[in-house]
Structure formats: C-alpha cells, structure tokens
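Peer 1: Test case, fold it:
(4 chains, ligands or ions: 4)
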Amino acid sequence: MARTISYREAINEAIAQEMARDPAVIVMGEDNAGGAGGPGAEDAWGGVMGVTSGLYHRFPGRVLDTPISESAFIGAAIGAATRGMRPVAELMFVDFMGVCFDQIYNQAAKFRYMFGGNAVTPVVIRTMYGAGLRAAAQHSQALYPLFTHIPGLKVVLPSSPYEAKGLMTQAIRDDDPVVFFEHKAMYDTTGEVPEEPYTIPFGEAETAREGSDVTVVAFGGMVARALEAADALASSGIEAEVIDPRTTSPLDTETILESLAETGRLVVVDESTPRCSMAADVAALAAGEGFALLRAPVQQVTAPHTPVPFSAGLEDLYVPDAQRIANAAKAAVDWSR
Amino acid sequence: MARTISYREAINEAIAQEMARDPAVIVMGEDNAGGAGGPGAEDAWGGVMGVTSGLYHRFPGRVLDTPISESAFIGAAIGAATRGMRPVAELMFVDFMGVCFDQIYNQAAKFRYMFGGNAVTPVVIRTMYGAGLRAAAQHSQALYPLFTHIPGLKVVLPSSPYEAKGLMTQAIRDDDPVVFFEHKAMYDTTGEVPEEPYTIPFGEAETAREGSDVTVVAFGGMVARALEAADALASSGIEAEVIDPRTTSPLDTETILESLAETGRLVVVDESTPRCSMAADVAALAAGEGFALLRAPVQQVTAPHTPVPFSAGLEDLYVPDAQRIANAAKAAVDWSR
Amino acid sequence: MTETIPTDASRGLDPDGLLRAYRTMRTIRDFEERVHDEFATGDIPGFVHLYAGEEASAAGVCQHLDERDTIASTHRGHGHCIAKGVDVTGMMAEIFGRATGVCKGKGGSMHIADLSRGMLGANGIVGGGPPLVCGTALAAKQQNTGGVAVAFFGDGASNQGTTLESMNLASVWNLPAIFVAENNGYAEATASTWSVAADNIADRAAGFGMPGVIVDGFDFFAVHEAAGEAVERARAGGGPTLIEMKLTRYFGHFEGDQQTYRGDEVRNARETLDCLTRFRRRVVETGELTAERLDAVDREVAALVGGSVERARAAPAPDGADLLTDVYVRYE
Amino acid sequence: MTETIPTDASRGLDPDGLLRAYRTMRTIRDFEERVHDEFATGDIPGFVHLYAGEEASAAGVCQHLDERDTIASTHRGHGHCIAKGVDVTGMMAEIFGRATGVCKGKGGSMHIADLSRGMLGANGIVGGGPPLVCGTALAAKQQNTGGVAVAFFGDGASNQGTTLESMNLASVWNLPAIFVAENNGYAEATASTWSVAADNIADRAAGFGMPGVIVDGFDFFAVHEAAGEAVERARAGGGPTLIEMKLTRYFGHFEGDQQTYRGDEVRNARETLDCLTRFRRRVVETGELTAERLDAVDREVAALVGGSVERARAAPAPDGADLLTDVYVRYE
Ligand SMILES: Cc1ncc(C[n+]2csc(CCOP(=O)(O)OP(=O)(O)O)c2C)c(N)n1
Ligand SMILES: Cc1ncc(C[n+]2csc(CCOP(=O)(O)OP(=O)(O)O)c2C)c(N)n1
Ligand SMILES: [Mg+2]
Ligand SMILES: [Mg+2]
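Peer 2: Ligands and ions are numbered 1, 2, ... in the order given. Modelled structure (predicted):
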C-alpha cells in the first residue's frame, strides 16, 4: 500500500524496517538519537535533520550517539561491518568527509581487494549534500564525484521519497560499502511510497520522463529540476528524455547510451563543481562509447568552479536551475555542424 | 647553465633557491630533516625519499620535522601561510590525504572565497603519487582528480626534472594554495635543468612532441610512456602529438583544442582510476567545446576501477603502458564511422 | 596537574581596561540577542549559532591580545570576532548576506573572518581551527614578533582528532599557542559529561605536555587571570597552555533548536552566574567603575548594534558577478 | 595514574602455555630474520617493516585471545599476524607476492590480513587500525560474545588524531577494547621522546578515561600480566585500557634504512634485553621447561619458516585476470 510520505520519512522507514528484519542493523552518528548524558529528553533530535527520529526507543541499544570523532566512529562502523554487523553510520554533512575520508577509501573500500577477496564490509554511510539552505561553503557541497572516483565504494543518490526508501533498503542489504547521499533540501519533498519493504537495484537508471529529442542525465537533487526544464521544453516542442541514474557507482551506462542512440543529444546536470565531476564522467562516456551516436556537443550543466557562496542571490545562481537546463537542451537540439 | 640532474635534485634545488631568496619559505614534514630528538645524525633522512636532504643544515631553523599528525601540520602550514610565510609542507604519500583533507579543501582552498577575497594563502603541499614501487593499495594511488575537483586549489604534475624545478619555483612564488604531485617512480629520472632559478607558468601545456595524426594528452608520469608510444607509432607511420598539461588545475584547454583541431583524434592517458578522472575531464572537454573537431571516439587510457595490487605482475598490468597507449592511438586513427 | 583559578583573582586592570572588557561583553550580548530576534523575523538566512552567555571567555582572553596575535574560532564565532575587534557593522551585514559584509556576503555567520585583525575565521568544521592556530603561532615564532595564537573550540571539538593532535604539535614545536576549550556542557544535543571521557577537558593537557587549567567561564576576572598567565608564558617562549572554561550557552545549539535535551541550566545561569551581572556588581562594589559609566556603555552599544541592523537591512545584496570572483589570486 | 608492571609478575602459565608463548616469539623472530635475508636478495618487492625485537608484545597480548577476539595491526604487522594465528606459509607467500598468499598476492607485507582469524590486517595508514578496533569491539559487545579487540600501534601513531579520538570513543561507548602502544623509540627516523609531548604515551590514558599501564616490552611475563588484566577487565564490561610497551625494533624502519639516527640501542637490546633470551633463561631456571624442549621448538620453527620460503619461491604469481576481481562482492 503506497501512501504519500516525505523523503525524510522514507529513509527513516527503510532503516526501521531493516532494523526490525535484521538484528545486525545498527545506527550511529552525532545526535542520531540525541540527548546522550543530558538531563532532558532521550532521542531529543533523531539526527540534525530528524531523519533517524524515533528509532532509539523502538530499537533499544541499537541507535548509538557518538562524540564528534568521525574517524573513530565511521571507522567503528566499518570495523563492525567486518564482524557481522550492518551498521548505518551518519557522516552528517558530506562536507565533513575531510576529517575521516581515510577510513572510507583506504579501509572500507579496499579491504576486499587487499585481502584477496576475503572480506565483506556491509556498511552504509549516510550523508547529506547539496546547496540551497544558505549554509555556505562548508555545509553545502555535493562531493559525490570524490566518492565515485574510488573503486570499492558504491555511491547512491536518491531523487525522490520512493527511491530513497528502495535504495536505502538495498544499501543496508548490500554486501559492499555504500555511501548514501541525501539531498538536504529534499527532506520535506513528498511522494508515493509503498508501506512494505522493497529494494531498488543499484546500477539501474530510471527513465524519469521519455522523450526523443534530447537526453538529459540528472543526478539526485537535479532530477526534479531537469523534469521542470523538460516541461518547459515540451511547451516549445522539444521532448526531453530525463534519466536518473540513481547510483553513480555502479553507473548504468547502457540506459544512457540507449537513450543517446535515439536522441543524439546529451545534457548532463550535476550539482557538483565541474572538474572531474559526474558531468564530465557522463560526457566522457558519450565521447567514447557514445561517440557514433552523438550529434551535438555534450552540454554540461554544473555549479561553477567556486566554493558555495552564502548570500541567497549568489547561491541561487550557483545551483543549476530549470532555466539553465532548458537552455542547454535547446542549444544541444539547435546545434548543427 | 644546464646540467643533467635528477627529478629529486631538481625539486630540492628549487626549494633551496627559493629558501635562499625568500626568508618566508620554510619546509615541514615527517622526517623532512629526520633524526629529531634522537642520539644519531641530524638530517638523517631528508624525507622518506631524500627530496629535502641537506636543506636542514643550509637553512637553520627553517626545516621542521613533525609528529605523524597530518591534520595538525598541514593545517599549520596553511595557517602560517595566512601570516606571511610560504610553507612547503610534505604530505608524504598522497594516499594519506584521508587523514587531513579537511584542512586542504575546506580551509586553504576556501579561505579566499569565504572571506570575500580578503585572504592570501601561499602554501605548497608536496606529495608523492603513483604506482610502480610494489607499494600496494595504500601507497600507490594517483588521486590528483580529487584535488582537481576542488575549486581554490591549483594542482601540478611535473613530468621531468626540468618541469619539476620550474613548476616548484612557480608553486612557491604563487599566491594560491598549490598541491604539487611528485611521481615516486621518477625521482631518479634525469634530465637537463638550468642552474639558475626559473619558473614555468601554471595553465600552460607543453607540447612534448608534435604530430598531426592523433593528440595524446598525458599527465605526469604518463608523459614518458606516451612519448614511448609515440615513437612506436611513428615507426608504423602514425605521428602522435603528445601534450603534457603540466597542471590539471588550471588546465590549458586551448592547447588541447588547438591540437585536436588538427588531428581530430584524442587519447587521454591518466594513471588514476577512471571514474571522475582527468581522463574523463579531458574527454568531456572534447565532447563539449571540442565536439566539432572530433573525428573519432575519445580513447581513455587509465588504470582500472580497482585498488592498486601488490604483486609485480598485476601492478604492471595496472599502470597504463606504451603498448596500451599505442593501441588506443591506433584505434583512434583507424576509426571511421 | 590541572589547577582551578579562584574567581576573585585579578590582574590589575585599570578603569579603561575594565571599561573595555565590559564594552566587549556587552557588545557581544547585545549583538547576539539582536541576531536572535532578527533571525525570528526570517530575514537572516542559514545556520546561526549564538554565543550569548559565554562572553567572559572571548573577552577575558582577547583582552590580552594585540595586532601581533591571532585567534581561530568555531561555528559559534560572533563573540570571538567582536572580542578580537572585527567591525560590528560589517559583521551584521555579513550575517544578513549583504555586499557590505566583512566577507562581502559570501561567508555568512559560520565564516566571518577578518585576517587583517588576526581573526582567522569562524569555522564550519568542528576542530578546524586548532591546526591553523599551530600555523599562526609558528609564523609568530619564525618571525619573532612575540605574537601568540589562540584556538577557541568547544567540548565537542575536544574529541576531534584534529584538536588533539594540534595540542601535541604545539608542544613538540614549543609554540606560542593557547588552547581554549569552551565547555558549555553540550555539543549539539550531546552532554559533554558523556562525550568527554575524562572528568575535565583540561585533564588532557598532561598527555600533550602542557599545563591544563580549569576556569569559571562566567567570571571575567578568572578568565582574564588564567589567560594572562598563558599568554605571558607563550610570549616568553614557554609553550602552549590548555584552558578549559566551564560555561553555558544561553540559546539553543542553533537558532531553531527546541532544546529538549537540557534541564534548567540556562535559567539558573542567567539568574545566578551571568558574566555581565557579576562583572557589573563587582566593579561597582569596588568603586572601580560607576553604574553611570556602565549604563553609558550600554547605551552606546545598543546604538551601535541597532545601527548595524538598520544598515545591514538597507545594504545591497552582492552582485551576481561576485559569484565567480575571489576563488584564486590569479588563475589562468 | 599510570602504573608500571614489575617484570617478575606472572599469570600461572602451564608448560603448554609457556611453550606456546615461546613458539610464537621464536616463529616471529625466525620469520623476520628470514624476510630480512630474503629481502637482501632482491626477490621481495615493495616496502617491508620488520618486527624483530618486539615479539614479546604481540605474543604476550595474543596469548590471551581466542576466536572471539580481533586485533588490528600496523605497517609492521608480521608479528601480530603470527601471534594471532595466521598461517606462516601463506604469509611468506603473500610477502613474495604469490597467488598462494593469504591475500592472493594482492596485499603484500603492509596488508596481510586474515579476517577468519580475527586479524583485521596490517595497515599502510598510521593510525588506521584504532577506529576499526572500536568497531570490532562494538560488534563483540552488541553480539554479546565476550570478545575483546586489540589495537596495536606505534609511538608515531600515538600522535595521529584517529588514534586519540578512538581511545575516547572506546571509553564513551565502554567498549571491550585494548590499546597497545608499541613505543619502540622511533617513528621512522624521529625519536618518540621528541614527538610524544608527554613523558609516556600511557600518560594520555587519563585524558580518555581509561587506565594507562607501562610495561617492559622485552619481558614476555610483564606483557602477559598487563594484557591479562586488561583483557579480563574488557571481557567483564570494565571498558578499555591503554598499555604502553617500551621496546626496540632490531632492524631499520624499513628494509634499506641506514639508521644513522640511532645510537647503539639495538646492540644493547640484543645483548641484554632480548625477549627470547630472557624468556628462555627464566623458564629453564625455574625448571618449568627444559632447554631440550625449547631447542626442539627452535628446530620445528626453523623448518616451518624455511619451508615457507621454499614454497613461496616455488609458488605461481597471480593470474593477470585477478587484477579485476575482488573489488566488490557484486557490482553491476
Ligand atoms: C567535523 C564536523 N563534525 C560535525 C559537525 C556538526 N556540528 C556543528 S557544531 C557541532 C557541535 C559542536 O559542539 P562544541 O564543540 O561543544 O561547540 P558548541 O556548539 O557547544 O559551541 C556539531 C556536531 C561539524 N560542523 N563538523
Ligand atoms: C597517515 C600516515 N602518515 C605517515 C605514514 C608514513 N609512515 C609509515 S610508518 C611511519 C612511522 C610509524 O611510526 P610508529 O607508529 O612509531 O611505528 P613503528 O614504525 O615504530 O613500528 C610513518 C611516518 C603513513 N603510513 N601513514
Ligand atoms: Mg559545546
Ligand atoms: Mg615507533
């Protein structure tokens, strides 16, 4: 039975259902319950954005607050995963990866390879990304290209409540280290979500909208904007196909190339900064495997090569919007040699 | 007057000359002198690869050993740079960035922007990268794409002793944070290097070899292999133009596009893993701005999407070699729609 | 061993010094209360963390500092900025995201900085400041300026590896650095009695080879005394000190925080421990300052802060072109 | 407060236990000396860091551990592996980069691991292990296995933030974890008396709410005693302990190191402190074991290690196809 719930609730529900299903699932992070050691309420926060709210009382002893020691507790989640647990650890904002990245890319990501296949590390690292909350340069970054670069990690970017639940369920059941990117401006977005548990497989893109004039590949928070752009384009007679890869690693290159075979035009929409980004990654796919299909220059729509500014007007210019996406699609369609 | 010296000596000489020229230049890192607090020799190591050897005695008080506390001392170099110093700090192997990346990308790289232009942070972070020493997964990574992704950083990859000296001199004199990548397998490579100080500007590619059939863009340690491949190709009648961008940020897109205008064929050679890499970045340039020039699929020659293996045979397969580069160039040249 | 500074200690402040201290604390208090009110109107964007209640710490430490000296701050940075002399009008404009802000509206509350004042910035990263302070302390040492550098950080930040290793580095290099742990009892909603696995943060000093001091952070004079000793030692080449301030923040972790994790510490602190009330009572009792002079300061400060809001509200937003500037000194 | 364990302490080891201890130490010693010789032939690739001299630490700690328990190691990991029961033949093959290695030749000396033995791996990252140990200790606690987890790390690693914050986390979560600081006097070429800004690494324990113990790391019995107490406390839910072993490595930081930074510590240690010599002398003097039985162990070990080299040399290199396997459990 599907109901309308928020992206936040969808993630919470996925975690709760997996905790009920599998005692190996535990949750940890700064104030993931909240109130530890204090005189007031327990479960005072449920995470800074309330995503893990309520789990503390439902699953006694399985939701752990932590000190502000990301290397130690992200590493602890990884270590626990090698011993039969399935930890879901929160790296609050992905901007904070810089104090604990080693545990993620040198430890979790490499164990299996370094140890000759004799390691299984089913850890999920939840993290928030993206601009839009006027949170400025150190609390608004996207950074998923950095994780996508690393062999051994899987990288997930849900674009709706439905995807958030299904991908989180898959992430928890998955036997590899997964970094799960939640867009912080999407928590209140609502959508239809089945009540029962379900999984969405990794590496399978969703065609969010069909169209034969131009392919628009958009990631995470950019999917909604791409769809908005597609609506606008439709009114000027351009039918855009919007592809939501859902995971950047693995990446469903097949669906992208199939669409490209039909449209011959490609726009990639990526909230991250442009260099060595997902926009570049998909554009490179088109330039290589997709070259024979490509009939116009690939349009990359990304943030600029700058930190995220604070002031509202600047931040609004920073993040790709429907207008820029539509313009890029038009340029792709209008282009002729 | 040019003499033949090694890549290691070239870097050492650049630092020494800048230390002599500017008292603000200081050097720090683990065992950059070596022997601190011990009963034996001072300047016992000059860094794990001997790059800073001899500076300790020549510049008393200006070469600092450090505890194994990368966040603290890389951060210290950055802090000192905001107060008139020009520190050259060593992050021994770039693989260790995971314990101190925050100071680099959230602090140094963003100060100027976050502070509205009121910051100058002339720090140089020297680091070693690359495979070939059988040093396995945590001591052999390339990782420069991660730094290239970050606005506010400059990223330098010298491919010869000549470049190493000129780019290091520029890095030290440069007013922005610079990450200087030294290929650990190249330290004993020798070449002609002028004795007097000189700079090589950032963002200006070197055309290492001219040719009109195919453009080969190669980074750092891959330049020599690309040249080797070009020699092999020449004997089968293919003239490859080899471009050495020297810096990935800024990137000299103009030189690449100019060459592409002539050849219409592009190979990118990047020792890093392929996803969101420099290979992808340059391929994306070709798919966008360069589309009209491109007459064949871009060939990306990179390491595979795996950690670096230990065993010699596997590691030799891991790193792109002249054969793979030549094959890719042939494929580009032979391709027809 | 850690030692506790008695609350009646003093360090020979003359009336001008006392007035300056009071003005600093009052400016911080007024500024923060006003930001609290303005935030409620919805016109201040982003995350805002207020320093009210902790004024004696910033003021008591920074009273010893001059233009040779540097400080690094935290996400809760307004108080440190004001105490280090950053322009209040520019700060308010920054918090409102205006082009006239100290960072041209590009940084906001979490990144207010003024390097020309030796203020290395609020910092969005918990534990981001201590490494930087090792660097500015090192610069002072290399340049022989006699300068010192102070890292302010919270109880939560005292568990961040970057903070801990910075203390060790400062000792190893014998830096003129001072580590000020502002233990306000909570990191977000987590009690420091739980997250700090020691009775006191100051107990960690011994493991890093420096003196550790515990101070009543509501008592300006105790802070001033302890900081004075630490600054003196640092300037004289005696190396770093860790000072733990015990205090309370008056507002939530950030604006909007419901604070259900707390008891009635705040009411208690406001009623019986407040740094401004205690300072005022003491200097009036001893006759060092009159209530009238202090009232005059209150009025001046109110006008300054009120004016800063008016000017911020009237100021222009940054120009769209500013999006792309100030990334590099030069990039081509 | 830190306490020093007297070197004549014991913990009721029966002859089998003593024999096991001796065999472990002898195996490590033989293994490392042999790797040293083989490295000199040029046939062992990469960076190799030898544990010879420090055997009592690994052996004395791991003697208390069983299959419930886990350890994390360092770049200097061979000794810990052997003490935790990793197959010596598979280890030697791994160091030679053979397909028959415990990691199929993909890891090498710095990444030898055997999770099935609770050995979480040597680690190329200084300070990489302690966070992981918090995790395996947590797993043991959640699963109620009674298991403990041990982090071995060096004096150099004791200055890495990851190590420091892990100690705090272990206390905060009251984990069955043991932190073993192997202070061999140097991190690469840097003396620990310089890099550790405290008299002892164990002095840091208090700041993280756990007991700190200093042990003569050449004395198997002292190590065994101290580790026994820590393991017992951890299994009983009493939380973590920090044990500092004072010892010396007999070889350079890595194979090839000229060691000009050292004095004659090694000669002195080998002559007067050596853990094997002292162990042997003691158990023979007390009559607990005879020289003959110990000699027999020596012969068995020599055969084992010698055989491991022969088999490693004869073993095939990994197949080229292995380059692309073992990255993910499943990836599509
Ligand atoms: C590395 C990092 N981790 C987590 C956060 C999120 N965060 C911001 S403030 C804060 C609490 C800080 O507590 P404390 O250090 O005691 O300072 P206080 O807020 O009490 O002044 C946390 C967890 C962050 N900004 N950076
Ligand atoms: C994060 C990190 N920094 C630096 C290094 C380089 N490195 C490898 S071993 C070592 C010294 C370690 O010293 P210690 O912890 O005392 O261990 P020991 O070698 O004495 O056993 C260093 C600096 C590394 N591997 N990882
Ligand atoms: Mg606090
Ligand atoms: Mg050591």
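
Peer 1: Give me the neighbour count for residue 305.
Peer 2: Assuming you mean chain A. Using other C-beta atoms under 10 Å in any protein chain shown, the number of residues around A:H305 comes to 19. Placement of C-beta: from N, CA and C, glycine included.

Peer 1: not what I meant, chain C
Peer 2: Neighbour count for C:V305, taken as other C-beta under 10 Å: 24.

Peer 1: ditto for C:D295
Peer 2: If you count neighbours by other C-beta under 10 Å, C:D295 ends up with 11.

Peer 1: Helix or strand: which one has it?
Peer 2: Taking DSSP states H and E as the criterion, C:D295 maps to helix C:291-314.

Peer 1: Let me know whether that helix sits next to chain B.
Peer 2: No - applying C-beta under 8 Å from any C-beta of the partner chain, one finds helix C:291-314 separated from chain B by no less than 14.9 Å.

Peer 1: which outside residues touch that helix?
Peer 2: With C-beta atoms under 8 Å, 6 or more residues apart in numbering or on different chains as the test, helix C:291-314 has contacts from C:19, C:22-23, C:26-27, C:30-31, C:34, C:38, C:43, C:88-89, C:91-93, C:95-96, C:98, C:100-101, C:280, C:283-284.

Peer 1: That helix: which residues count as buried?
Peer 2: Of all the residues in helix C:291-314, those buried under the rule 16 or more other C-beta atoms under 10 Å in any protein chain shown are C:R293, C:L294, C:V297, C:D298, C:V301, C:L304, C:V305, C:S308, C:V309, C:R311, C:A312.

Peer 1: where do the helices sit along the chain?
Peer 2: Using chain A here. Per DSSP state H, chain A carries helices over the ranges A:7-21, A:55-58, A:70-81, A:101-102, A:111-114, A:144-148, A:161-173, A:222-235, A:253-263, A:278-287, A:312-318, A:322-334.

Peer 1: ah, I was thinking of chain C
Peer 2: Listed in chain order, the helices of chain C (DSSP H) span C:15-40, C:55-62, C:78-83, C:88-95, C:129-143, C:161-172, C:192-195, C:220-235, C:265-268, C:275-285, C:291-314.

Peer 1: Go through these and name the closest to ligand 4.
Peer 2: When the helices of chain C are compared by C-beta to the ion, helix C:161-172 sits nearest ligand 4, at 15.0 Å.

Peer 1: Dump stretch C:196-215 to CSV, restricted to CA.
Peer 2: Provided in CSV are the C-alpha atoms of stretch C:196-215 (Å, rounded to 0.1, in the frame of the first residue of the first chain):
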residue,chain,number,x,y,z
VAL,C,196,34.4,13.6,27.0
ALA,C,197,35.7,10.5,28.7
ALA,C,198,37.5,12.4,31.4
ASP,C,199,36.4,14.5,34.3
ASN,C,200,37.6,17.6,32.6
ILE,C,201,38.9,18.5,29.2
ALA,C,202,41.8,20.1,31.0
ASP,C,203,42.8,16.7,32.1
ARG,C,204,44.0,16.0,28.6
ALA,C,205,46.7,18.7,28.8
ALA,C,206,49.2,16.4,30.7
GLY,C,207,49.1,13.9,27.8
PHE,C,208,50.3,16.6,25.5
GLY,C,209,52.9,18.1,27.7
MET,C,210,51.3,21.4,28.7
PRO,C,211,49.6,22.9,31.7
GLY,C,212,45.9,22.5,32.0
VAL,C,213,43.7,25.0,33.8
ILE,C,214,40.0,25.0,34.7
VAL,C,215,38.3,28.3,34.8
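
Peer 1: Where does pLDDT dip in chain C?
Peer 2: Flagging of chain C using pLDDT under 70 yields the residue ranges C:1-11.

Peer 1: Just want the most central residue of it.
Peer 2: Centroid-nearest residue in chain C: C:H80, 3.0 Å away (criterion: C-alpha atoms, centre = their mean).

Peer 1: what sits against it?
Peer 2: C:H80 sits next to C:Y51, C:A58, C:C62, C:I71, C:S73, C:T74, C:M119, C:A122, C:F152 when contact means C-beta under 8 Å, 6+ apart.

Peer 1: now those: which count as buried?
Peer 2: Neighbour counting with 16+ other C-beta under 10 Å marks C:Y51, C:A58, C:C62, C:I71, C:S73, C:T74, C:M119, C:A122, C:F152 as buried within the contacts of C:H80.

Peer 1: Return the member of those nearest to A:N106.
Peer 2: Lowest distance from A:N106 to the buried ones among the contacts of C:H80 (C-beta to C-beta) belongs to C:T74, with 28.4 Å.

Peer 1: Verify the stated contact: that closest one with C:L120.
Peer 2: No - counting by C-beta atoms under 8 Å, C:T74 sits too far from C:L120 to count as a contact (11.2 Å).

Peer 1: so how far does stretch A:266-286 reach from one end to the other?
Peer 2: Across stretch A:266-286, the terminal residues are separated by 8 Å (C-alpha to C-alpha, to the nearest Å).

Peer 1: I'm done for today, thanks for sticking with me.
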